[in-house]
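J.: here is a sequence with its predicted model. Questions after.
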Amino acid sequence: MHRHQPYEAVIERSFSMYARWLVGLAIVCGLVGTGGCRGFSQRKSNSQLVAARQLSLRGTDALERSRQQDAEVLFSEALKNSPLDERAHWGYATTLWKRGEKQRAMEHMREAMRLSGKNPQYAIRLGEMTLESGDLKAARELALGVLSVNRNQSQAWALLGDTHQSERDWPAALECYHRALLIQSDYPRVQLSVAEIYRYMGKPQRALAALDRMTDLRSTADSDPGVLLVRGQALADLNQREEAAEVLAKASERMPSDRVDKQIELVHAQHRIGELVPARMTLGKLIAQNSADPEVMRLQSMLDMSFAHLSEPTTPMSEENNILISSGIQLQTNR
């Protein structure tokens, strides 16, 4: 019995060492397996991001070709592949904004800005969205944030000017717009805003000069309906009624139907210089799609009253102490 004990002990020790070796091997294999899984997961994530970016490029091309629905589908698919593609968030935000889902659009634009490390283009676009939604403070902070990094960012100066214009702070707005134009002289949107502000400040000559400068830099600018509207208004301010009527008629022909605010301005401008028939034609475009709008209804009542006054006989000079009483629009025309 004693002779077999050493042999059994040897077997036991060998089995123990083998068991420990198996356990160690299992641990090592487990570690290798975990690393392999992590590597596989990383490769999968990278391939999804690449696929998302390819879809985003196609979506951007669709946007540039005005294929709105195609762009939205492509950006949506890109986000399904990878929520880490900042361009997909930007593009999806753009399509959402165009179809009126403003809150979701701002959320995606905010995510695009975060993922991109505060790309100034995304920050400025988010600022424009928040300003249009009525949050001047947030828009101003975004503009100032971009300018704190780069003072030569013309779009940020333009956005900052927009916030001041919204508050009717004309001097501050002009200062920002002129800073933008020093960096980027051919900047139609800003040049038009400068012309509008000069009109509001009672300086129609300077407004016309700003528009002329705009046309000098870009010959097609004078066919833009927004430019034509401001030019017509400035000419009316200077009592150049014939020229104003001609320019405003062109603006009415070219103004997109969805620019309700500008269509309303056109009706007011044409009414102010006594162009009642053209004013009614412009109003007709508005009524077709905005018949329930209170301002549109008010304009219709105003024009109806003006036409009614035109059909009334003029009171002779001998009556009412020799004071000529005429319609409101006639008084405006003769001033």
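T.: Here it is on my side, so go on.
J.: what's the following helix or strand after the helix or strand where L182 lies?
T.: Per DSSP states H and E: L182 is located in helix 170-183. Where DSSP H and E defines the elements, the next helix or strand beyond helix 170-183 is helix 188-200.
J.: check which element follows that next one along the chain.
T.: Heading C-terminal from helix 188-200 (DSSP H and E), you reach helix 204-217.
J.: name the helices or strands packed onto that following helix?
T.: Contact analysis of helix 204-217 by 3 or more C-beta pairs under 8 Å, 6 or more residues apart in numbering; DSSP states H and E lists helix 188-200, helix 225-237 as its packing neighbours. Quick note: C-beta positions are derived from backbone N, CA and C, even for glycine.
J.: what residues sit buried inside the helix holding L182?
T.: Buried positions in helix 170-183, judged by neighbour count with 16 or more other C-beta atoms under 10 Å: 173-174, 176-177, 179-181.
J.: quick one on the thing from earlier: return the most buried member of the helices and strands packed on helix 204-217.
T.: With neighbours defined as mean count of other C-beta atoms under 10 Å, the helices and strands packed on helix 204-217 peak in mean count at helix 225-237, which reaches a mean of 23.
J.: what's downstream of that helix, the next helix or strand?
T.: Next along the chain after helix 225-237, with elements defined by DSSP H and E, is helix 241-254.
J.: tell me what angle that next one forms with helix 225-237.
T.: 160 degrees (axes from the mean of the first three to the mean of the last three C-alpha atoms, to 10 degrees).
J.: could I get the full set of strands for this protein?
T.: Taking DSSP state E as the criterion, the chain carries no strands.
J.: give me the neighbour count for L84.
T.: 15 (other C-beta atoms under 10 Å).
J.: contact partners for it?
T.: 49, 52, 115 (C-beta atoms under 8 Å, 6 or more residues apart in numbering).
J.: what's the spacing between E86 and K118?
T.: 11 Å (C-beta to C-beta, to the nearest Å).
J.: who has more neighbours, those two?
T.: E86 (20 against 13).
J.: how close does the nearest residue to that one once chain neighbours are set aside sit to R179?
T.: Leaving out its chain neighbours, the residue that sits closest to E86 by C-beta to C-beta, 6 or more residues apart in numbering is L115, at 3.9 Å. Applying C-beta to C-beta, the value for L115 to R179 is 30 Å.
J.: contact partners for the nearest residue to I183 once chain neighbours are set aside?
T.: Nearest residue to I183 in three dimensions, chain neighbours excluded: S154, at 4.1 Å (C-beta to C-beta, 6+ apart). Shown in contact with S154 (C-beta under 8 Å, 6+ apart): 180-181, 183-184, 187, 190.
J.: could you report the separation of S154 from E111?
T.: The separation that S154 has from E111, given C-beta to C-beta, amounts to 25 Å.
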